[in-house]
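J.: Here's my sequence, what's the structure:
(3 chains, ligands or ions: 1)
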Amino acid sequence: MGMRKVAIVGAGITKFVRRAQETGKELSWQASKMALESCDLTLDDIDMVTLGTAPDAFDGVHMKGEYLADGAGGIGKPYMRHFVGGGTGVFSPIHGWFHVASGMADICLVVAEEKMSTCHPHPAGAFLTIFDHTTEQPLMPTLIWIFALEMNRYMQTYGISKADIAQVSVKNKRNAMDHPSAQVAEKITVEDVLNSETLCWPVNRLDISPASDGAAAIVLASERVARRLTDKPVWIDGIGHSIDTAYWATRDLAYPRYVETAARMAYDMAGIKEPDKEIHIAEPYDPFDYKELHHMEGLMLCPRGKAAQLTADGVTARDGNMPICPSGGALGVGNPIAATGLMKIIEIFLQLRGEAGKRQVPGDPRCGLAQAGVDLMQMGTVVVMRS
Amino acid sequence: MKLEDFELGGTHLKSSDFKQGKVLTTEWEPNLKYAWDNGVAIGRYLAELKAGRIIARICHKCDRIMLPPRMFCELCFRPTDEWMYVKDTGVINTFSIAKVNWDASRRGPKEPPLLPAVIEIDGASEGMGIMHMLGEVNPKDLKIGMKVKAVWKKPEDRTGSITDILYFKPVTAKRKTKTKAAPKAGGKR
Amino acid sequence: MIKRVAIVGIGTTGFRPVTPDVSFRELIFEAARKAYTDAGMEPSEIDGFITTAEDFMEGYSIADEYCPDQIGAVLKPTQTIPGDFIQGMATGYMMIMTGAYRTIAIEAHSKASNMKNISELMGFAQDPVYNRPLRETPHAVAGLEMTRYLFESAASSEQCAQVVVKNKMNAMRNPYAAFGAEITEGDVLASEPVSLPLHRLDIAPHADGAVVAVLADEDTANTLCETPIWIEGIGWSTDTPTLEMRDWGEAAYARLSAEMAYRMAGIENPAALIDFAEICDEYSYKELQHMEALKLCMPGEAAYMLESGATSYQGELPINISGGARGVGHLFEASGAHKILELVEQLRGHAGARQIPDVNVGLAQVWRGVPTATGAVAILSNM
Ligand SMILES: [Zn+2]
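T.: Residues are numbered from 1 along each chain as shown, chains lettered A, B, ... in the order given. Sure thing, here's the model as predicted:
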């Protein structure tokens, strides 16, 4: 295609915690510093910086991309923020890819940050204003409603039970026990999920990822530079992004069309024809357990309505045929929105390099995928990576 | 590289750290106010709600009857063509039984759950739903596909808002026993 | 490899102090429909879309959700850049240069009239621990900077007032502008003191409006239109967000963005090569400070250049022929969009009563406003 190849050459991450002592700037700096050290670079080597971070209402600062600029290493450099709601963290490497693949930069630092604990009394309050200000907000909705409404429709359409879905939470929280950043790793059972507090039926507390503080960063480099910096570059071979209409209540809630269109774009670019065979490992976005299933179907990793069965069969376990969220995902590692997406990218990066430690999946994976998304159940971002 | 080889940042604070004054905090309550222009489509939609009617907009190119109404068709990318009243009845596309308020505070033990739903409105194109509340129904009886009808505020109480419809109730509520009106949303905005 | 990127279509609603007749969706649709018609394309033929927006300016927590419908981007590759339109344009430029997209649409809008306490909003952008508790108004931050700039450059408040006189006069010839007027230097200096040396009339009022532009790669641009407006250079930069640490005299973000754009465009002597410029004058002194940072004159010489008439409508280097932010209104994220619009109209020869004869190269520069030290520069040409 004649496009410049772009590789991930370094990565950094903080722990994901309910309430961090560090400010958002400091978390960004910690992740950025680690990413630079991991590939023996300093900030002077960085041509440009891009930052992904989700609603300003979390950090409690208007134009928070400007506020975070120094922590992200952006001072005196071409520095920009990108923002696609819940899809932001996986869009971060896409925006970085624009910088390097275009030839504008040879080395680009990509940072993702979220400090949700700043928002009081609970970060959930920030979600009231995601709904239409005139036709929906007067009903005083909360974020969980829209997920509960979608989950119910998904269950009904395909005849899936709450117990089928709860397996995802069990799997991811257990996977996270091997992730050093994990906030809510634990060994639980399907019964634990079903018996946890019902928040908005069909959603129980353990169906949901937590609110978190955290940051992550990666370094992207052009092919020439990447080969100089590392023996194990991981290439960004396909990128895709798509957004569906804001009139969310007029859509088919049982199927994430927005993920499918984004995935098709990424697969086309990466030359992938049969995603269920060619993708060895995937990190779809799992803010709620059913969302992992929903997103697997949108990614065409399995037929519609069949993801729960794959989970039950152990196919998506870390040692299964198609490991899904081996990191532990948002459900296990935690969910500082934008940083979660980049955490997923980093997990695929490490897995493809064979450096995931106790989390390493067997079988020498060569091709992996990370996906994030949502907004009002409408945004999809997909990155396909190969070793 | 392995994550395990690095000392990761991110220091977890406990609630007790705040109570014992180990960390200092700065508070700020933003006082932000907005007055969004409704525009043509939503302006008319609200005016019709005040009059006790639901109005949609038609695009002649794709033949969709769209709700909420809009002055342009987002798919054909052209102005829409005409207004059309639709019914105040519909079908439940999906629903939830909510025990938390908008700010994540829990509903009290005596407060009945909130019943948000997506309702496909009769007369609009297939799948054209709006989010609203359900009432006068036992949550246990709720089913996807159930027929519902709007329960309106009294004309003199209407303000030109989506809340001029109090809630939707099942059309064939056979049991007339202890079903209650839709509960009030909680949490202080 | 893609060699060049051009603007092939642009549309706007014009700019007004209030727009109570339309919702933000309806406002943006008008600009988008005009832009696509201007480009001779339907949105279904466009490969990617960018909206520039900040959550708290929209009054939404995830404003990105509301970006697709009114620009025809449903189920298309779409993103939000929380930054100025010119930063969005930089992203669009990079996207096309990757070779993965042939055409990109970029949208920016202002519904400033819907924000009921802009001062509180802008204050909410200050550092929550160091600065906010002092409860300084946003204009006070600009007042601090103006004092330092006047000290370093030896420009005067009177000269800053002349910027306002010039730009509001220019706006009289611009049908898109809402704040054209014939005023005097004395009127500015006699207006209410806000945060001295800033007076009320030194500060741009806000306006509503939307702009959408369509970018295309070289081959597509040449088949689509007779006069593609080429992006010769683009740059963006951020100086420290910490008020206490920045150099208040020079606008470093403007210098760095300009250096990046000049390098890309191969421009060594901008003052000689650039025919006209639209630069940020959200506060009167900013026009002078930015002229120096952009190397359109020597440091400390901007005020003399202004007084000589060189930057006037008929001068050698007309600056803010559109009326700038003082004449058109401050448009938040659409600030850069209105400047790009002016460049395109001038370079196409479509600027009507305010057309500058024989122009080939124009420069647009924008600053994101207090308390930021972020800005962007674009250089466009019709050759
Ligand atoms: Zn249509």
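
J.: all strands of chain C, in order?
T.: C:5-12, C:48-52, C:78-81, C:103-111, C:193-195, C:198-199, C:208-217, C:229-238, C:276-278, C:361-367, C:374-381 (DSSP state E).

J.: Adding mean neighbour count and distance to B:Leu32, write those out as TSV.
T.: Placement of C-beta: from N, CA and C, glycine included. Putting the strands of chain C into TSV (neighbours: other CB atoms under 10 Å in any protein chain shown; distance: least, CB to CB, whole Å) gives the following:
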stretch	mean neighbour count	distance to B:Leu32
strand C:5-12	25	28
strand C:48-52	28	20
strand C:78-81	28	19
strand C:103-111	28	14
strand C:193-195	17	21
strand C:198-199	23	24
strand C:208-217	29	18
strand C:229-238	26	24
strand C:276-278	26	30
strand C:361-367	28	23
strand C:374-381	28	22
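
J.: do you know which of these lies nearest B:Arg158?
T.: When the strands of chain C are compared by CB to CB, strand C:103-111 sits nearest B:Arg158, at 26.8 Å.

J.: in its sheet, what does the closest one sit against?
T.: strand C:48-52 (parallel), strand C:208-217 (antiparallel) (DSSP bridges).

J.: Can I get the ones you listed in TSV including mean pLDDT?
T.: Formatted as TSV, these follow (pLDDT from 0 to 100):
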stretch	mean pLDDT
strand C:48-52	98
strand C:208-217	98
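
J.: Mind listing residues that contact stretch A:244-253?
T.: A:132, A:146, A:149-150, A:153-154, A:257-258, A:376-379, B:66-68, B:74, B:93-94, B:118, B:127-131, C:65-69, C:74-75 (CB atoms under 8 Å, 6 or more residues apart in numbering or on different chains).

J.: Please list the residues of chain B that sit near the ion.
T.: B:59, B:61-62, B:73, B:76 (CB under 5 Å from the ion).

J.: Which of those fall within helices?
T.: Among the residues of chain B next to the ion, DSSP state H puts none in helices.

J.: just to revisit the earlier point, from the contacts of stretch A:244-253, which ones fall inside helices?
T.: Reading helices off those with DSSP H, I get A:146, A:149-150, A:153-154, A:257-258.

J.: nearest to the ion, of these?
T.: A:Arg257 (17.7 Å; CB to the ion).

J.: got a list of what that closest one touches?
T.: A:244, A:251, A:298, C:75.

J.: If we only consider those residues, which is nearest to chain B?
T.: Ranked by distance to chain B (CB to the nearest CB), those are led by A:Arg251 at 7.4 Å.

J.: what would the ones in helices among the contacts of stretch A:244-253 look like in TSV with pLDDT?
T.: Formatted as TSV, the ones in helices among the contacts of stretch A:244-253 follow (pLDDT from 0 to 100):
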residue	pLDDT
A:Ile146	95
A:Leu149	97
A:Glu150	97
A:Arg153	98
A:Tyr154	98
A:Arg257	96
A:Tyr258	97
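
J.: State the pLDDT value of residue 135.
T.: Using chain A. As predicted, A:Thr135 sits at a pLDDT of 95.

J.: I was thinking of chain C, sorry if that wasn't clear
T.: At C:Arg135, pLDDT is 87.

J.: since we're on C:Glu30, how many residues are nearby?
T.: Other residues lying near C:Glu30 total 21 when counted by other CB atoms under 10 Å in any protein chain shown.

J.: Now do the strands in chain B.
T.: B:54-59, B:64-66, B:72-73, B:78-79, B:82-86, B:89-95, B:97-98, B:116-121, B:129-133, B:147-152, B:165-170.

J.: Go ahead and produce CSV holding the CA coordinates of the last one.
T.: As requested, C-alpha coordinates have been extracted for strand B:165-170 and formatted as CSV (Å, rounded to 0.1, in the frame of the first residue of the first chain):
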residue,chain,number,x,y,z
ILE,B,165,-45.4,12.5,29.8
LEU,B,166,-45.2,11.2,33.3
TYR,B,167,-44.5,7.6,32.2
PHE,B,168,-45.8,4.9,30.0
LYS,B,169,-48.1,2.2,31.4
PRO,B,170,-49.0,-1.2,30.0
